[in-house]
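[1] The following block contains a protein sequence and its predicted model.
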Amino acid sequence: MLMRLAQGPLLTDGAMGTQLYSRGYSFKQGFDSANIERPQVVRDIHEAYLLAGADVLETNTFGANRVKLAEHGLQDRVAEINRAAVQIAQAAREALRQPAFILGAVGPLGRMLAPLGALSPQEARAIFREQIQALIEAGVDGIILETFSSLAEIQEALRAAKEIAPDIPVIAQMTFGRDGVTKLGHAPVDVAAALLANGADVVGANCGIGPRSVLAAIRTMQAQYPHATYSAIPNAGWPEQMDGRILYPATPEYFANFAREAAEMGVRLIGGCCGTTPDHIRAMRAALDSWQAGEPIPARPREPVAVHVRHIAENPAPTALARAFASGHFVTTVELEPPRGVDLTDLLNTAAMLKGAGATVLNVADSPLARMRMSPWAVASLIQSRVGIETVLHFPTRGRNLLRVQGDLLAAHALGVRNIFVVMGDPTAIGDYPDATDSYDIVPTGLMKLIKEGFNQGRDFGGNDLGAPTHFLVGCALNFGAANLEREVKLLRKKIASGADFCLTMPFYDPDVPRRFIEAYGGPVEIPVLMGVLPLYNERHAAFLHNEVPGITIPEHVLERMATAENKPQEGVRIALELIDAVRDLVDGIYIMPPFRKYDIAAQIIRAVYRGNHANAMQEE
């Protein structure tokens, strides 16, 4: 197989799990059990990919290890299930008389290795050995390690394969996000170095967000290791749930262009992961054939903007906010303050009005300025159920111990709230009850890590099983105009490394502010950024923000405009819209904080932003 790869690219098959799912096989059954329960269905899928032009088949064994199979009571049938998978692929190849290679697919164990988890490296290697031994004995042409996010774990799988059969070709792939690193923070160059040092014959990237993120990771590896052999097997974009079905947006035509681009880069193993179908493989086959024949390259369609995303098995239902980021939609959100009392009528009416204006989601604050308010859990849940618009729950760590933090997270998830904005929170000394307890057990970055590496993996702070993983999208705070930009840059990098999926910024009034931050950061922020927009209401409001709110500086010419304007609130809206226009290419949306709960101002800004004609929008208002 390695000799064949040296001659030119090979095309792998597409998704197996997606195809089984489309044929009525559920996640709860475990796709690997189909090898012994519905072998003909698996064979039909293999044959469909061969007929579409695949050169390589992957066995239906991604989760066929002892740990994963134990979830379905099949832990003692590891060898049987893996051997059956190889035999099914061989039967498909023989039936169609296709000279295809068969790779034994091996995925992660679903448990963290020490010191992050309880599984020792030696135990992990033994589990991988059991599966890989069965695959090799059944006659695979190579082993493909895929969708790993832990460098330590994939190295144990690689070592296991090389210990069993030193000459067996091993393709070792990890999954990278929009930030260019794995979920556990491994950079492509470090991944390539470690895998090549441990004997991988082919290194690369698979799954992830889509072709762009996979190719970006490969380019980074190639810059350091230009003579290595690479694989690129991306998802068909961001998975979406619609009418009870999981769908992927990337078209076969888009993947055809990806295949040609990968081939031009020198990638030798090209294919499709989650969401790809025989139609995708057929289009890629035609594209690779035309590329090898020297035919011109067609125009490439634009891929949606990518964001953090996990494997479909871990995140079957991305939030509306995540889907908006993935599609490139310019996001608009408004901060709502819960009421002091028990009546939510006005707030729900406001939420409906903002939804009608076009808001993507709504933010629900938690005790802003340390003032007593209704719990935001109730507000967020009722907005979602009664108004039908998704929310972002503000989640301050201040004033919460670890018991309350974790209990509150479970409550939010049970109520259907999936977007969490993690902040420190305002000190009680400035609020209604200055003597209230203000202590906390965990800082925002620690909470982000707890959510992404703990709760979203099905474990609490102590490593105890939650019964099922949560599916939170996590936001963090960012101050473009921080006095110490170097410190703010380091803090943002730490937040992203801890798992932040998006940022909400403090308001600013000078378009050069975000540009200076991006320059200090060394380039665009890797995750989506929603710029904070706090429209000025009058000159007193502007003077207060400029003189008394840390982190906010208002240019003199803006203060002058507010002082001399005839209609001061509308001048504040104009200033906000001009600022949005000036930095729109630097951000992914806006996060509006209405002054004095003037939510009609927020609605006006949203409508103007989406109409794209601010002058006319102002006249209509």
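    In hand now; what should we look at?

[2] Mind splitting this structure into its structural domains?
    Under automatic domain parsing, the residue ranges defining each domain of the chain are 2-292, 323-620.

[3] Please dump the ones you listed into JSON lines; it should also carry mean pLDDT and mean neighbour count for every row.
    Yep, even glycine has a C-beta here, placed from its N, CA and C like the rest. Shown next, in JSON lines, are these (pLDDT from 0 to 100; neighbours: other C-beta atoms under 10 Å):
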{"stretch": "domain 2-292", "mean pLDDT": "91", "mean neighbour count": "21"}
{"stretch": "domain 323-620", "mean pLDDT": "87", "mean neighbour count": "18"}
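
[4] which outside residues touch stretch 164-171?
    Residues from elsewhere that reach stretch 164-171, judged by C-beta atoms under 8 Å, 6 or more residues apart in numbering: 1-2, 103, 129, 132-133, 136, 140-146, 158, 161-162, 199-204, 231, 269.

[5] Check the separation of the first and last residues in it.
    End-to-end distance of stretch 164-171 (C-alpha to C-alpha, to the nearest Å): 15 Å.

[6] And stretch 52-65, by the same measure?
    With C-alpha to C-alpha, one end of stretch 52-65 sits 29 Å from the other.

[7] residue boundaries of the helices in the stretch 451-600 of the chain?
    Ranges of helices within the stretch 451-600 of the chain are 485-497, 512-521, 539-548, 556-564, 568-583, 599-611, based on DSSP state H, counting those that start in this stretch.

[8] Summarise which helices and strands the third one is packed against.
    Right, helix 539-548. With contacts taken as 3 or more C-beta pairs under 8 Å, 6 or more residues apart in numbering; DSSP states H and E, helix 539-548 sits against helix 556-564, helix 568-583.

[9] cutoff 6 Å now
    When contacts are defined as 3 or more C-beta pairs under 6 Å, 6 or more residues apart in numbering; DSSP states H and E, helix 539-548 sits against helix 556-564.

[10] List the contacts of the helix it packs on.
    Tyr509, Leu536, Glu539, Ala542, Glu571 (C-beta atoms under 6 Å, 6 or more residues apart in numbering).

[11] Looking at the residues you listed, which two lie furthest apart in space?
    Between any two of the contacts of helix 556-564, the greatest separation by C-beta to C-beta is 13.6 Å, found for Tyr509 and Glu539.

[12] Residue for residue, what is the longest helix the protein has?
    Looking across the chain with DSSP state H, the single longest helix is helix 78-96.

[13] Now do the phi/psi pair for the residue nearest to Pro339 when sequence neighbours are not counted.
    Among residues not flanking Pro339 along the chain, Met374 sits closest, at 5.6 Å (C-beta to C-beta, 6 or more residues apart in numbering). With angles defined as degrees, to the nearest 10, Met374 sits at phi -60, psi 150.

[14] Is Met374 in contact with Pro338, as I believe?
    Yes: counting by C-beta atoms under 6 Å, Met374 does reach Pro338; the two are 4.1 Å apart.

[15] all strands of the stretch 201-350 of the chain, in order?
    For the stretch 201-350 of the chain, the strands defined by DSSP state E, counting those that start in this stretch occupy 202-207, 230-234, 240-242, 245-247, 269-270, 331-336.

[16] hmm, I was thinking of the stretch 351-500 of the chain
    Counting by DSSP E, counting those that start in this stretch, the strands of the stretch 351-500 of the chain are 361-364, 391-396, 419-423, 473-478.

[17] With respect to Met593, which of these lies nearest?
    strand 361-364 (8.7 Å).

[18] List the contacts of stretch 279-294.
    For stretch 279-294, using C-beta under 6 Å, 6+ apart, the contacting residues are 11, 14, 49, 52-54, 252, 255-256, 259-260, 263, 272.

[19] If you could redo that for stretch 143-159, that was the one I meant.
    With C-beta under 6 Å, 6+ apart, stretch 143-159 has contacts from 103-108, 113, 121, 124-125, 128, 132, 161, 170-175, 182-184, 186, 194, 198, 200, 206-207, 311.

[20] Now go through those and say which are in helices.
    Reading helices off these with DSSP H, I get Pro121, Ala124, Arg125, Phe128, Ile132, Ala161, Ala194.

[21] Once you drop chain neighbours, what's closest to Asp346?
    Per C-beta to C-beta, 6+ apart, closest to Asp346 is Pro339, 7.4 Å.

[22] and the gap between the one you found and Phe480?
    Separation of Pro339 from Phe480 (C-beta to C-beta, to the nearest Å): 31 Å.

[23] what does Glu556 give?
    19 Å.

[24] Just want the phi and psi numbers for Phe472.
    Here Phe472 shows phi and psi, under degrees, to the nearest 10, equal to phi -90, psi 140.

[25] Starting from Val405, give me the distance back to it.
    13 Å.

[26] Same question for Ala95.
    Taken as C-beta to C-beta, the span from Ala95 to Val405 is 56 Å.

[27] Tell me where the stretch 1-150 of the chain has strands.
    In the stretch 1-150 of the chain, the strands defined using DSSP E, counting those that start in this stretch lie at 10-11, 56-58, 101-106, 142-148.

[28] The shortest one pairs with which strands, parallel or anti?
    It stands for strand 10-11. Sheet pairing for strand 10-11, assigned by DSSP bridges, gives strand 269-270 (parallel).
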